[in-house]
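K.L.:
return atomic coordinates for the entry below.
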Amino acid sequence: MYYVVIYCSYADLDLLIIYHLAVVYSAWNIINDDRVALKLETIVDHPSSIEREYHILKQLEGGIGIPRTLWFGRESVYHAMVLELLGLSLHQLFLANNRKFSLPHVMNIGDQLLSHLEYIHSHNYVHGDIKPQNILMGLGNLRHTAFIIDFGITKTYWNTKTGDHVPFRHGRSLSGTPAFASINNHLGVEPGRCDDLESLTYMLIYFLRGSLPWLTSDDEKLSGSTILERKACATIVDICQDIPVEFVTILIYTRSLTFAEDPDYDHLCSILHDLHASLPAPATSMLDFSQLRNPAIHPPDKCCVAKAILPCPPKEMCRLTRV
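P.N.:
As a prediction, the model looks like this:
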């Protein structure tokens, strides 16, 4: 544990998430006496991804499932962003639940995230990296709400000056996480709304099945090209084996969306709602992981393969220290 003061307000840091160029800590707000999330990024020559993320989150402010930003600034050799503190990621909860979620849980996750993505897309943004590590549950009264985090590679898909969709382009490198990336993302196509929805579909299937055909059982790190080859060769039947046929319908729909096509979010939600209504026993409409006895035993989420530059706050940043 580290004890620091950021902008004379925040102290007592616990590591939460490791990114490529940044880390996220749980911090104590010494003014309001509550806990917050603190994201730190080393200041380098290129533009700050945290500053860009801060401005995106401010534009999305007020949306359900969007983390609240509390402050952004420069401190010592770091950019710092303070956000509301959230709970465990779906990745951590998935591991704590023996790598499987119930069908009602998955339907609830899908319903919430479809609504969140529709909101993000309505503000002309594509998230670009939908995966279990980037979905966190809220705390307290928001414990049943799923939040989308990490807008570091979020892009605009709409040119507000011309009123046109960004043009179709290819030749880009893979962005996001290979396991849940759309096939077009693997192929270097400019990201669109359809890619967020395809990634979401893979994630829901992953939660139901416990894995995906292009992943190994022992979580072996595979190259993006290997995952693409396996993903492209896997049939819809292979991907959706032993799960309700409604997910076949959802996967076919999301994969068939064209680059600039407006997704029908209501259609996708209605598929999940109809499936929910067809269940033999009443299923709760709330997303509740309270039955997990000790889900916090898993280490902080590592959201990239590369080692983080910032393992802990520097000495010159530690204005308030304790042994």
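K.L.:
could you point out the longest helix in this protein?
P.N.:
In the chain, taking DSSP state H as the definition, the longest helix is helix 103-122.
K.L.:
and it, what's buried?
P.N.:
103-121 (16 or more other Cβ atoms under 10 Å). The C-beta positions use only the backbone N, C-alpha and C, and glycine is treated the same way.
K.L.:
and stretch 227-244, by the same measure?
P.N.:
So for stretch 227-244, counting by 16+ other Cβ under 10 Å, buried means 227-228, 230-231, 239-240, 243-244.
K.L.:
got TSV for these, with distance to Thr145 and pLDDT too?
P.N.:
Shown next, in TSV, are the buried residues of stretch 227-244 (distance: Cβ to Cβ, whole Å; pLDDT from 0 to 100):
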residue	distance to Thr145	pLDDT
Ile227	31	95
Leu228	33	95
Arg230	34	96
Lys231	30	96
Ile239	28	98
Cys240	27	98
Ile243	25	98
Pro244	24	98
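K.L.:
thinking again about what came up before, contacts for the longest helix of the chain next, please.
P.N.:
60, 63-66, 90, 101, 126-127, 130, 135, 145-146, 148, 154, 157, 193, 196-197, 200, 204, 207-208, 244, 263, 265, 268-269, 272-273, 275-276, 279, 283-287, 289 (Cβ atoms under 8 Å, 6 or more residues apart in numbering).
K.L.:
and the next helix or strand past it?
P.N.:
strand 125-126 (DSSP states H and E).
K.L.:
one step back: cross the contacts of helix 103-122 against helices and list the overlap.
P.N.:
Those of the contacts of helix 103-122 lying in helices (DSSP H): 90, 193, 196-197, 200, 204, 207-208, 265, 268-269, 272-273, 275-276.
K.L.:
next, give me the two most distant ones among those residues.
P.N.:
Farthest-apart pair in these is Arg193 and His276; separation 24.3 Å (Cβ to Cβ).
K.L.:
quick one: the strands in the stretch 51-200 of the chain, in order.
P.N.:
69-75, 78-84, 125-126, 135-137, 146-148, 155-156, 158-159, 164-165 (DSSP state E, counting those that start in this stretch).
K.L.:
what's the closest of these to Val24?
P.N.:
Using Cβ to Cβ, the nearest of these to Val24 is strand 78-84, at 8.4 Å.
K.L.:
so for the closest residue to Ser223 other than its chain neighbours, what's the pLDDT?
P.N.:
Spatially, and ignoring its direct neighbours in sequence, Ser223 is nearest to Pro178 (7.8 Å; Cβ to Cβ, 6 or more residues apart in numbering). Here the pLDDT value assigned to Pro178 is 95.
K.L.:
and what of Ile250?
P.N.:
With respect to pLDDT, Ile250 has a value of 99.
K.L.:
ok so it is a strand residue?
P.N.:
No: read with DSSP: H, G, I helix; E, B strand; the rest coil, Ile250 is helix and lies in no strand.
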